[in-house]
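# sharing a model that was predicted from the sequence below.
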Amino acid sequence: MPSNASRRTFTAGIVFAAAATLAPWSFAQDFPRYGDALYEPTLRQPGKDVMWLPTPDAMVKRMLAAARVGRGDVVYDLGAGEGRIPIAAARDFGATAVGIEYDADLAALARRNAERAGVADRVTIVRGDIFREDFSRATVVTLFLLPDLNQQLRPQILALRPGTRVVSHMWDMGEWEPDEKVSTDDSQAFLWIVPAPVAGRWRLAEEDGTSFGELELVQRFQRVGGTLCLRGRTQPLLGAFVNGATLGFTFVDPFGAVRTLRAQVAGDTMAGRTNFVGTTAPVTGRRVAAAAPP
Ligand SMILES: C[S@@+](CC[C@H](N)C(=O)[O-])C[C@H]1O[C@@H](n2cnc3c(N)ncnc32)[C@H](O)[C@@H]1O
């Protein structure tokens, strides 16, 4: 008896196949030839967990531009096909890139394509399973898989370094809302920025170590809220956000002044500044209790 998850994957696979066949994208027109003299893959050929179908080049550019890929980045394409995303990341955006591809023929073709594009020194193609290979070095992750596969990978993706950008062609991540949506004439992609885990109780201190206040944060992916207790008075945070490793919010101090705090979170510590009468002052924080389970 197939599980609900495998039934959903199967259904999503059918939707994927139907969308790929019927959608206005004419992959065959855009890409008349995919392989080389040694190997010519076939559109929609079966793959381990999802079939092979290339992302159109216009969308590849949109995805990498939306993720602001640059020279310092390490881009991982999970299920790399014939390598077009890692190759574009290296050739057009100056990044270092890794493609993980299960199919040995596609992986070998991707390596040859990287050589032909003159970027073999910055593109590595790993012949392996995306559920087994380590991609924790990524600063950018690209996906063109299936909804269920995105969700299976979600815990691993959320554990990546805060600020890592994730772009998925066509499919979203369920209840983890995208930070941005991009589209071309005939397709769409979603972008997320991995948020630092900030939930819990934090003790904030001024530069000289005196107490600044106590912060209680609740979090669902990149959405955060909570309270700040200053001199025994608790208030809700205004406009709280977490963007990668940056936490920010607005509050009202005991003298009625509206102030903001911006801090960089690193594990159980944070360091930042709060504005104060036309200047800013350093503030540090230490997490003293983890978040209560939802
Ligand atoms: C829809 S294609 C996307 C190809 C490429 N990323 C692109 O956007 O042009 C998905 C690719 O994932 C590969 N694949 C499927 N399951 C995989 C797995 N478990 N590990 C690695 N690759 C896999 C398939 O062989 C196929 O090449």
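That came in fine, so what should we check first? Residues are numbered from 1 along each chain as shown.

# per-residue pLDDT, Val252?
With respect to pLDDT, Val252 has a value of 95.

# now the closest residue to it other than its chain neighbours: how far from the ligand?
Closest residue in space to Val252, ignoring its immediate chain neighbours: Val258 at 5.7 Å, by CB to CB, 6 or more residues apart in numbering. In this view, the C-beta of every residue, glycine as well, is placed from N, C-alpha and C. Distance of Val258 to the ligand, computed by CB to the nearest ligand atom, to the nearest Å: 46 Å.

# tell me the centre residue of this protein?
By CA atoms, centre = their mean, the mean C-alpha position of the chain lies nearest to Val166, the distance being 2.3 Å.

# and the helix or strand containing that one, average pLDDT?
Element membership for Val166, per DSSP states H and E: strand 165-169. Average pLDDT, strand 165-169: 98.

# flag every buried residue along that strand.
Residues of strand 165-169 classed as buried: 165-169 (neighbour count, 16 or more other CB atoms under 10 Å).

# ok so, going back, show me what the residue nearest to the centre of the chain bridges to in the sheet.
Val141, Trp192 (DSSP bridges).

# contacting residues around it?
Residues counted as contacts of Val166 (CB atoms under 8 Å, 6 or more residues apart in numbering) are 67, 140-143, 157, 160, 173, 191-194.

# near the ligand, which residues of the protein are found?
Residues of the chain found near the ligand (CB under 6 Å from any ligand atom) are 47-50, 52-55, 77, 79-81, 84-85, 100-103, 106, 129-131, 144, 169.

# A strand includes Cys229, no?
Yes - under DSSP: H, G, I helix; E, B strand; the rest coil, Cys229 sits within a strand.

# ok, the closest residue to it other than its chain neighbours to Gly285 distance?
Leaving aside its chain neighbours, Cys229 sits nearest to Glu214 (4.5 Å; criterion: CB to CB, 6+ apart). According to CB to CB, to the nearest Å, Glu214 stands 10 Å off from Gly285.

# surely Gln152 is in a helix?
Yes - the assignment for Gln152 by three-state DSSP puts it in a helix.

# for this protein, give me the ranges with low pLDDT.
Along the chain, segments meeting pLDDT under 70 span 1-32, 293-294.

# in it, which spans are helices?
In the chain, the helices defined using DSSP state H lie at 4-22, 27-30, 57-66, 84-93, 104-116, 147-158.

# buried stuff in the third one?
Spelled out, that is helix 57-66. 59-60, 62-64, 66.

# okay, now the domains of the chain?
4-193, 200-289 (automatic domain parsing).

# from these, which stretch is densest packed?
domain 4-193 (a mean of 18; mean count of other CB atoms under 10 Å).

# find the closest residue to the ligand in the stretch 51-200 of the chain.
Residue nearest to the ligand within the stretch 51-200 of the chain: Gly79 (2.4 Å; CB to the nearest ligand atom).

# that residue and Tyr102 touch, don't they?
Yes - counting by CB atoms under 8 Å, Gly79 does reach Tyr102; the two are 7.4 Å apart.

# identify the contacts common to those two.
47, 49, 130.

# which stretches of the stretch 151-294 of the chain form strands?
165-169, 180-184, 187-193, 200-206, 211-220, 223-230, 233-236, 238-243, 246-252, 258-266, 269-276, 279-289 (DSSP state E, counting those that start in this stretch).

# picking that back up, so for Glu214 and Gly285, which residues contact both of them?
202-204.

# contact partners for the residue of the stretch 51-200 of the chain closest to the ligand?
Gly79 is in contact with 47, 49-50, 100-102, 130, 143-145, counting by CB under 8 Å, 6+ apart.

# list the ones among these that fall in strands.
If you go by DSSP state E, those have 100-101, 143 in strands.

# which of those sits closest to Val224?
Taking CB to CB as the measure, Val224 lies nearest Leu143 of the ones in strands among the contacts of Gly79, at 24.9 Å.

# ok, that closest one - contacts?
Listed by CB under 8 Å, 6+ apart, the contact set of Leu143 reads 77-79, 149-150, 153, 166-169, 171.

# 6 Å instead, please
By CB atoms under 6 Å, 6 or more residues apart in numbering, Leu143 lies in contact with 78, 168.
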